[in-house]
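1. what shape does this take:
(one chain, ligands or ions: 2)
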Amino acid sequence: MRILGIETSCDETGVSILDFNQNQCQILVNLIYSQIAIHQPYGGVVPNLAKREHQKKLVPLFKLALDQTDLLKNKKTSPISKNKEEKIKEILGKDEILQKKLLEFLKKYSKPKIDLIAVTKGPGLAPALWPGVNFARALSFVWDIPLIGINHLEGHLFSAFLPKKIGEKEKINISKNLFPAIGLVISGGHTQLILVNGIGKYRLIGETRDDAAGECFDKTARLLRLDYPGGPAIAKEALKSKKMVKSAIEIKLPRPMINQKNYDFSFSGLKTAVFYLVEHLKKQNISLKEIRPYLANEIQNSINEVLVAKTLRAAKNFKVKNVILGGGVVANEVLLNLFKKEIHEKLPKIGFIVPEKKYTGDNASMIALVAGIKGSKRDNWRNLQADANWQL
Ligand code: KG4
Ligand code: ZN
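-> Ligands and ions are numbered 1, 2, ... in the order given. Predicted structure coming up:
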């Protein structure tokens, strides 16, 4: 089965094609167009700009994906009917840029050998989700290809099982023996602890009450006048502190909710603490630039220690076999090392499953993979809708 994955929940446009056969999986192509440069001047994602970029990039990326996999058939012989053209216009509604590009494409090329279309239905930013969903609906309609809407968080949760190398066939080992597991999804929009009893069997046991972990990296980075996205910027800045002499000024930030027995998180207080600390240092005429590596280091440690402590508590109390990570924040190497150390010392029998760094951020391969492992459930292009708040 050849699965086309489409992802547009936030600020990356993702198009991927997977070959998925009885748990053998091969990523034929995994394309990601990142909008970071567009949102950077604003210090965060601007939903309407994200939407416009998805509208502009979906068709060119899709064409490139087909080109790279030799799936792009030569020129079409029969033109697309007037009826179909009208219906596509109806499906794409106000997405005029996308409408124009898709119609041009469909007039030139015929149906490629794709058996299933998997698209991120939610959660995410509604204006960003819709172009992806409508693009998938239009393709499903015009080529009569089955369609399924996928939960973005489920994608992150299983991203660790994607083949390590693009273009290589691998066995996807998601057996019953892995479960129960604790899944931690940490991204710019989410921080969730999920008890996973199998594919499709999830129980949300805790989540952030305010800002997500990635959002906290992004917002505190802004306070330190570092670039967006804040996670990699803070990690890089923190690394500098390791090569410096110990700061004369003691910098200590809170570890929010670390000792509470629940599995929830709260990161907005940490952001406020950083704000006041920066103001305090300013008043003392301490240069932000000099002190910044220590601040970044302490922010990173604070977020990471809370994430690890709560996840390990959940893993222990629910007697799970594995801890599975997913989401953009998993790219943080200091976090991964802390997880490894703590699991090794405190819960040595528990396995630790993490995605390759290239699959930590948003990508369409994880969306296609979930469609493959979930089996035969299908949606209809007529009524598939984006759902910005879709719970796992
Ligand atoms: O999963 P993702 O790409 O998009 C969402 O679904 O939100 O996650 C993006 C988030 C951003 O907040 C970004 O700052 C964070 O992941 N991130 C990191 C690192 N790389 C990306 N956070 C900490 N350390 C990193 N190295
Ligand atoms: Zn994500």
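2. the residue of the stretch 1-150 of the chain found nearest ligand 1: which element?
-> Taking C-beta to the nearest ligand atom, ligand 1 has its nearest neighbour within the stretch 1-150 of the chain at Cys10, 5.0 Å off. All C-beta atoms are positioned from the backbone trio N, CA, C, and that covers glycine. Using DSSP states H and E, Cys10 falls within no helix or strand.
3. next SSE downstream of the host helix or strand of Phe217?
-> Using DSSP H and E, Phe217 sits within helix 213-223. As assigned by DSSP H and E, the chain's next helix or strand after helix 213-223 is helix 230-242.
4. can you give me the buried ones in that following helix?
-> Gly230, Gly231, Pro232, Ala233, Ile234, Ala235, Glu237, Ala238, Ser241 (16 or more other C-beta atoms under 10 Å).
5. can you tell me the closest non-neighbouring residue to the last one?
-> Of all residues not flanking Ser241 in the chain, Pro293 sits nearest, at 3.7 Å (C-beta to C-beta, 6 or more residues apart in numbering).
6. roughly how far apart are that neighbour and Gln26?
-> To Gln26, Pro293 is 42 Å away according to C-beta to C-beta, to the nearest Å.
7. ok, those two, which is more surrounded?
-> Pro293 (21 against 17; other C-beta atoms under 10 Å).
8. quick one: contacts for the more buried one?
-> Going by C-beta atoms under 8 Å, 6 or more residues apart in numbering, Pro293 touches Glu237, Ala238, Leu239, Lys240, Ser241, Met244.
9. at 7 Å what do you get?
-> Glu237, Ala238, Lys240, Ser241, Met244 (C-beta atoms under 7 Å, 6 or more residues apart in numbering).
10. count the neighbours of the closest residue to His190 other than its chain neighbours for me.
-> Of all residues not flanking His190 in the chain, Ala212 sits nearest, at 5.3 Å (C-beta to C-beta, 6+ apart). Neighbours of Ala212 under the rule other C-beta under 10 Å: 23.
11. can you pull out the helices in this structure?
-> Using DSSP state H, the helices assigned to the chain run over residues 36-39, 47-68, 82-92, 96-108, 126-143, 152-158, 213-223, 230-242, 268-283, 288-317, 333-346, 365-374.
12. in JSON lines, list those helices along with mean pLDDT and distance to ligand 1.
-> As requested, the helices of the chain are exported to JSON lines (pLDDT from 0 to 100; distance: least, C-beta to the nearest ligand atom, whole Å):
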{"stretch": "helix 36-39", "mean pLDDT": "93", "distance to ligand 1": "10"}
{"stretch": "helix 47-68", "mean pLDDT": "97", "distance to ligand 1": "11"}
{"stretch": "helix 82-92", "mean pLDDT": "94", "distance to ligand 1": "24"}
{"stretch": "helix 96-108", "mean pLDDT": "94", "distance to ligand 1": "22"}
{"stretch": "helix 126-143", "mean pLDDT": "97", "distance to ligand 1": "10"}
{"stretch": "helix 152-158", "mean pLDDT": "98", "distance to ligand 1": "6"}
{"stretch": "helix 213-223", "mean pLDDT": "97", "distance to ligand 1": "3"}
{"stretch": "helix 230-242", "mean pLDDT": "96", "distance to ligand 1": "2"}
{"stretch": "helix 268-283", "mean pLDDT": "95", "distance to ligand 1": "13"}
{"stretch": "helix 288-317", "mean pLDDT": "97", "distance to ligand 1": "7"}
{"stretch": "helix 333-346", "mean pLDDT": "98", "distance to ligand 1": "7"}
{"stretch": "helix 365-374", "mean pLDDT": "96", "distance to ligand 1": "10"}
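13. just those: most buried one?
-> The highest mean neighbour count among the helices of the chain, using mean count of other C-beta atoms under 10 Å, belongs to helix 152-158: a mean of 28.
14. how about that one and ligand 2, any contact?
-> No - taking C-beta under 5 Å from the ion as the criterion, helix 152-158 and ligand 2 are apart, separated by no less than 5.5 Å.
15. same check on stretch 183-193?
-> Yes - Stretch 183-193 lies within reach of ligand 2 by C-beta under 5 Å from the ion, at Ser187.
16. could I get the CA-only coordinates of that stretch as CSV?
-> Extracted in CSV, the C-alpha atoms of stretch 183-193 (Å, rounded to 0.1, in the frame of the first residue of the first chain):
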residue,chain,number,x,y,z
GLY,A,183,3.9,8.5,25.9
LEU,A,184,5.1,12.1,26.4
VAL,A,185,4.3,14.4,23.6
ILE,A,186,6.2,17.7,23.9
SER,A,187,5.8,20.3,21.2
GLY,A,188,5.1,24.0,20.6
GLY,A,189,1.4,23.5,21.2
HIS,A,190,1.2,20.4,23.5
THR,A,191,2.6,18.8,26.6
GLN,A,192,0.8,15.6,27.3
LEU,A,193,1.4,12.5,29.2
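17. what's the average pLDDT for that stretch?
-> Averaged over stretch 183-193, pLDDT sits at 97.
18. what residue in the stretch 51-200 of the chain comes nearest to ligand 2?
-> Ser187 (4.1 Å; C-beta to the ion).
19. picking up where we left off before, residues in contact with the residue of the stretch 1-150 of the chain closest to ligand 1?
-> Cys10 neighbours (C-beta under 7 Å, 6+ apart): Val45, Ala50, Gly124, Leu125, Ala128, Gly188, Gly189, Asp362.
20. which non-adjacent residue is nearest Ser9?
-> Using C-beta to C-beta, 6+ apart, the nearest residue to Ser9 is Gly124, at 2.8 Å.
21. tally up the residues packed near the one you found, please.
-> 29.
22. now do the helix holding Phe217 and helix 230-242, the angle between them.
-> If you take axes from the mean of the first three to the mean of the last three C-alpha atoms, to 10 degrees, helix 213-223 sits at 60 degrees to helix 230-242.
23. dump the C-alpha coordinates for helix 213-223 into CSV.
-> Only the C-alpha atoms of helix 213-223 are listed here, as CSV (Å, rounded to 0.1, in the frame of the first residue of the first chain):
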residue,chain,number,x,y,z
ALA,A,213,7.0,23.0,27.0
GLY,A,214,8.0,24.2,23.5
GLU,A,215,6.0,27.4,23.9
CYS,A,216,7.9,28.0,27.2
PHE,A,217,11.2,27.6,25.3
ASP,A,218,9.9,30.0,22.6
LYS,A,219,8.6,32.7,25.0
THR,A,220,11.5,32.7,27.4
ALA,A,221,13.9,32.8,24.4
ARG,A,222,12.1,36.0,23.3
LEU,A,223,12.6,37.5,26.8
